[in-house]
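Visitor: Next come a sequence and a model predicted from it.
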Amino acid sequence: MAEEQKFETEEKVERKQKTGMINAKELEEKYLRKGMMPHIFCTGCGIGTVLGLTLRAMEEIDMDLDNTVFLSGIGCSSRLPGYIDVDSLHTTHGRALAFATGVKITNPDLNVVIFTGDGDCIGIGGNHFIHAARRNIDITVIAVNNYIYGMTGGQVAPTTPEGDYATTAPHGNVEPPFDMSEMAMSAGATYVARWDLTKPVQPMKSIKEGLENKGMSFIELLSPCTTAYARQNKVGDIQEFWEWYDDRTMLAEEYEFEEEFSPMEEWEEIKEKMKIGVLKHEEKKSLGERMQEKIEEVKI
Amino acid sequence: MIEVNEKYCKGCNLCIEFCPRDALEPAEELNEKGVHPPVEVEDRCVNCHLCELICPDFAIIVEEEEEV
């Protein structure tokens, strides 16, 4: 029996070296709570992919599960910590970041990861988000942006693009949308990245870098909402929806190049696209480090 | 070799649509959820693991076959 187990682990190690990752079954056995699968998310929803990518990123850096806390607020994406077999806090609407601040300040050794959605993070919890970024707390925020309040039936969210349809905007949305990543950057987060899920490897790498980064890491993932958003906006089937994401996004470097060199008429079309990529990565002292310095300074 | 966990598959067809080698196709039979889960087309897969990465339901496992 013992020999068999040893053989298995050697096989796993070999595979990990060859492909750089573990397979879905091992991932499920190691990280997910038993009896919770298949998960509750709709057919074609990107949140399941976000979970898979996060777990793979955690596996790559060998994260200590006993020393990790997952937090979430309310919403579709906020159901995720319930599936992972680690300590987690499912908090009130929009307050995940406020709870996370408390957790991190009380026990600075913990790895704190937050799953949040667009309504939860920037809508209801907007102020907490700005101040968490301003303080530069050492946490990782994985924000799943699906442009709509999916769980409650598809109402307008702060990130719904202008002109798109929702339950509370049957003739098209008239409000200009929030740009979550721009907000995080200007408020002071040290690692900011945005990706759409049609390219799975890059977001995985970004999550990995975010987990390793000291300071506030904000990773915005554009995830398709097939039930509330796609139905009301007549996007079509899943393939068309994913291609729609490719049409609406552009790599940050390309976007900046076009901004500088493309003719006026072309630029008018490109202007509306969302920049994707690692948008900001800098070194800055986190709140924990600054507090520690202060404690050393005033200690008698 | 692509293994599909039919119990978990919700039939979103992402794997079938986005496989660069067309190594998956819908099965003829329905699973217990009433959707057609993917099945492997023989001799097409090159172990790129893309379907495993994009599957939202942890239903696909790509195992590399040992060369004889």
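Guide: Sure, I can see it. Residues are numbered from 1 along each chain as shown, chains lettered A, B, ... in the order given.

Visitor: per-residue pLDDT, the most centrally placed residue in chain B?
Guide: Centroid check for chain B by Cα atoms, centre = their mean gives B:Pro38 as the closest residue, at 4.9 Å. For B:Pro38, the pLDDT comes out at 89.

Visitor: Can you tell me the element the closest residue to A:Thr43 other than its chain neighbours falls in?
Guide: Excluding its sequence neighbours, the residue lying closest to A:Thr43 (Cβ to Cβ, 6 or more residues apart in numbering or on different chains) is B:Lys10, at 4.4 Å. Every residue, glycine included, has its C-beta placed from N, CA and C. Counting by DSSP states H and E, no helix or strand carries B:Lys10.

Visitor: In contact with B:Lys10, which residues?
Guide: Contacts for B:Lys10 were tallied using Cβ atoms under 8 Å, 6 or more residues apart in numbering or on different chains; they are A:38, A:42-44, B:33, B:35, B:56-57.

Visitor: returning to what we had before: can you tell me which residues contact the residue nearest to the centre of chain B?
Guide: B:2, B:4, B:9, B:13, B:15-16, B:24-27, B:51, B:60.

Visitor: Helices of the chain, residue ranges please.
Guide: Assuming you mean chain A. A:2-19, A:24-31, A:47-60, A:96-106, A:118, A:126-135, A:180-187, A:201-212, A:229-232, A:238-248, A:252-261, A:264-270, A:287-298 (DSSP state H).

Visitor: Sorry, I should have been clearer: chain B.
Guide: Under DSSP H, chain B gives helices at B:14-18, B:50-54.

Visitor: about what we covered before: out of the contacts of B:Lys10, who's nearest A:Arg290?
Guide: Taking Cβ to Cβ as the measure, A:Arg290 sits nearest to B:Pro56 out of the contacts of B:Lys10, at 39.5 Å.

Visitor: In chain B, what residue comes closest to chain A?
Guide: Closest residue of chain B to chain A, Cβ to the nearest Cβ: B:Pro56 (2.9 Å).

Visitor: Just the pLDDT at that residue, thanks.
Guide: 89.

Visitor: returning to that earlier point: for ChimeraX, write a command that selects the buried ones of the contacts of B:Pro38.
Guide: To isolate the buried members of the contacts of B:Pro38 in ChimeraX, using 16 or more other Cβ atoms under 10 Å in any protein chain shown:
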select /B:2,4,9,13,15,16,24,51,60
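
Visitor: Could I get the contacts of B:Pro38 in JSON lines, plus columns for pLDDT and distance to A:Ala96?
Guide: Shown next, in JSON lines, are those (pLDDT from 0 to 100; distance: Cβ to Cβ, whole Å):
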{"residue": "B:Ile2", "pLDDT": "85", "distance to A:Ala96": "37"}
{"residue": "B:Val4", "pLDDT": "88", "distance to A:Ala96": "35"}
{"residue": "B:Cys9", "pLDDT": "88", "distance to A:Ala96": "31"}
{"residue": "B:Asn13", "pLDDT": "86", "distance to A:Ala96": "33"}
{"residue": "B:Cys15", "pLDDT": "87", "distance to A:Ala96": "32"}
{"residue": "B:Ile16", "pLDDT": "88", "distance to A:Ala96": "36"}
{"residue": "B:Leu24", "pLDDT": "88", "distance to A:Ala96": "37"}
{"residue": "B:Glu25", "pLDDT": "88", "distance to A:Ala96": "41"}
{"residue": "B:Pro26", "pLDDT": "88", "distance to A:Ala96": "39"}
{"residue": "B:Ala27", "pLDDT": "86", "distance to A:Ala96": "40"}
{"residue": "B:Cys51", "pLDDT": "87", "distance to A:Ala96": "32"}
{"residue": "B:Ile60", "pLDDT": "89", "distance to A:Ala96": "31"}
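
Visitor: what's the spacing between the residue nearest to A:Thr43 and A:Trp244?
Guide: B:Lys10 sits 21 Å away from A:Trp244, taking Cβ to Cβ, to the nearest Å as the criterion.

Visitor: With A:Thr159 instead?
Guide: A:Thr159 is 16 Å from A:Trp244, by Cβ to Cβ.

Visitor: When the two are compared, which one has more neighbours?
Guide: A:Thr159 (22 against 17; other Cβ atoms under 10 Å in any protein chain shown).

Visitor: contacting residues around that one?
Guide: A:Thr159 makes contact with A:118, A:122, A:145, A:147, A:177-178, A:180, according to Cβ under 8 Å, 6+ apart.

Visitor: Equivalent analysis for A:Arg248, please.
Guide: Shown in contact with A:Arg248 (Cβ under 8 Å, 6+ apart): A:272-274.

Visitor: check contacts around the residue nearest in space to the middle of chain A.
Guide: Taking Cα atoms, centre = their mean, the centroid of chain A lies closest to A:Ile142, which sits 2.4 Å from it. Contact analysis of A:Ile142 by Cβ under 8 Å, 6+ apart lists A:50, A:54, A:113-116, A:207, A:210, A:219, A:221.

Visitor: ok, so of the residues you listed, who is nearest A:Thr227?
Guide: A:Val50 (16.3 Å).

Visitor: just to revisit the earlier point, so which of the contacts of A:Arg248 is the most crowded?
Guide: Counting neighbours by other Cβ under 10 Å, A:Met274 leads the contacts of A:Arg248 with 19 neighbours.

Visitor: Just list whatever residues bridge to that one.
Guide: Counting by DSSP bridges, A:Met274 forms beta bridges with A:Thr249.

Visitor: contacting residues for it?
Guide: Counting by Cβ under 8 Å, 6+ apart, the residues that A:Met274 touches are A:179, A:194, A:222, A:248-250.
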